[in-house]
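[1] Turn this into a structure:
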Amino acid sequence: MPDVTTGRSENELPALGICFEEYAYPHPVRFVPVQNDLQTLAMAYMDVQPGSEPNGKTVVLMHGKAFGGYYFEHVIEALTAAGYRVVVPDQIGWGKSSKPDIHYSFQLLAANTAALLDHLGVGKVAVLGHSTGGMTATRFTLMNPDRVTHLVLEDPLGLADYRIGIPPQSEETLYEHEVHWTDPAVIRAYVAGYFVHPDPAVYEPLAEVLIRVTLSADYPRWARAAALTFQMIYQQPVRYEYDQIAPPTLLIVGAEDHVVPLGNYAQPDDLARLGDFIGLSEAAARDIPNARRVVIPECGHIPHIEHPAKFLDAFLPFLAS
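    Take a look at the predicted model:
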């Protein structure tokens with residue numbers, strides 16, 4: 001992964017601006033202005049052209065909560081090699097995009113994505129959403145059923161309604177947790193927990209991005225956006241609308257994924273139920289009209305990084321179907 005130091009102590013890591021100003025993405029980043037809550041904001045994105053004979057198709061990649069579009073580097077390479085154009089936005093509140101204090105909603109993120117595609121002159125798209133990006137991708141598909149040709153949900157959040165089993169938390173509580181979530185050891189353990197067999201060479205670059213952001217003088221603004229987007233995940237379920245998803249849908253899940261947003265506020269029984277990706281994804285595949293599911297063994301929350309070949313073996317043929 002580009003522009004990330006490894007093997008150094010946390011005291012030697014350079015601070016990273018909350019809009020990742022010093023962090024190099026795998027492809028050129030551009031910005032499009034969007035109007036959200038009476039504010040003009042900057043939405044970052046990569047628009048990567050096919051590396052082989054173009055097939056005339058475009059894929060949109062939607063990142064998870066702890067990441068930006070940068071962690072899709074190898075997925076982008078595989079797609080462009082197969083002839084796809086790939087658009088990778090950093091949603092408002094993430095990555096190189098603005099970090100405003102606004103009312104975050106999946107409708108807003110979906111509308112911003114549609115505005116970006118309009119700006120680029122892109123019509124129909126296939127969509128991949130990972131983790132929280134799975135909720136964004138679901139909402140985008142529900143809002144644009146004639147625009148989405150294929151929907152891929154990679155270990156998506158939203159397979160359950162988290163309000164059933166997790167007590168509501170105030171924004172103050174969530175902010176206090178985020179603004180004090182700065183211990184490098186804790187952050188490293190958190191990111192390592194996404195993997196069944198954590199390899200420091202794999203997870204350390206991802207963790208260092210999060211650690212470096214905590215060293216920014218503007219980190220409280222980042223923490224505020226992070227708290228607000230946790231509320232979005234908690235308060236805006238998509239699960240009840242799965243039966244309205246129109247395009248063919250592929251669910252790809254790691255067999256050992258048990259991630260639960262705000263799970264630290266849940267009781268053990270509820271935590272186990274809400275983190276049962278095998279059972280929850282099986283139920284989701286039944287409810288989505290035209291869906292199938294692939295379970296990757298010995299895999300956690302990020303199949304496209306932990307088992308990239310197996311992920312692509314499921315992903316690429318589905319797009320071509």
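
[2] Ends of stretch 88-100, what's the gap?
    Stretch 88-100 has an end-to-end distance of 20 Å (C-alpha to C-alpha, to the nearest Å).

[3] pLDDT on that stretch, on average?
    Throughout stretch 88-100, pLDDT has a mean value of 98.

[4] Stretch 238-258 now?
    Mean pLDDT, taken over the full extent of stretch 238-258, equals 98.

[5] Any buried residues in it, and which?
    Under the neighbour-count criterion of 16 or more other C-beta atoms under 10 Å, stretch 238-258 has 238-239, 242, 245, 247-254, 256-258 buried. Heads up, the C-betas are built off the backbone N, CA and C, glycines and all.

[6] With just CA atoms, put that stretch into CSV.
    C-alpha atoms of stretch 238-258 as CSV (Å, rounded to 0.1, in the frame of the first residue of the first chain):
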residue,chain,number,x,y,z
VAL,A,238,-31.5,-1.2,5.2
ARG,A,239,-32.4,-4.8,6.1
TYR,A,240,-36.1,-4.4,5.7
GLU,A,241,-35.9,-3.4,2.1
TYR,A,242,-33.8,-6.3,0.8
ASP,A,243,-36.9,-7.7,-1.0
GLN,A,244,-36.9,-4.6,-3.1
ILE,A,245,-33.4,-5.0,-4.5
ALA,A,246,-33.9,-5.3,-8.3
PRO,A,247,-30.5,-6.2,-9.9
PRO,A,248,-28.7,-9.5,-9.6
THR,A,249,-26.9,-9.6,-6.3
LEU,A,250,-23.8,-11.4,-5.0
LEU,A,251,-23.1,-11.7,-1.3
ILE,A,252,-19.4,-12.5,-0.5
VAL,A,253,-18.7,-13.2,3.2
GLY,A,254,-15.8,-14.4,5.2
ALA,A,255,-16.7,-17.5,7.2
GLU,A,256,-15.0,-16.1,10.3
ASP,A,257,-16.4,-12.5,10.2
HIS,A,258,-18.1,-11.4,13.4
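
[7] Distance from that stretch to the middle of the chain?
    Counting by C-alpha atoms, centre = their mean, to the nearest Å, stretch 238-258 is centred 14 Å from the centre of its parent chain.
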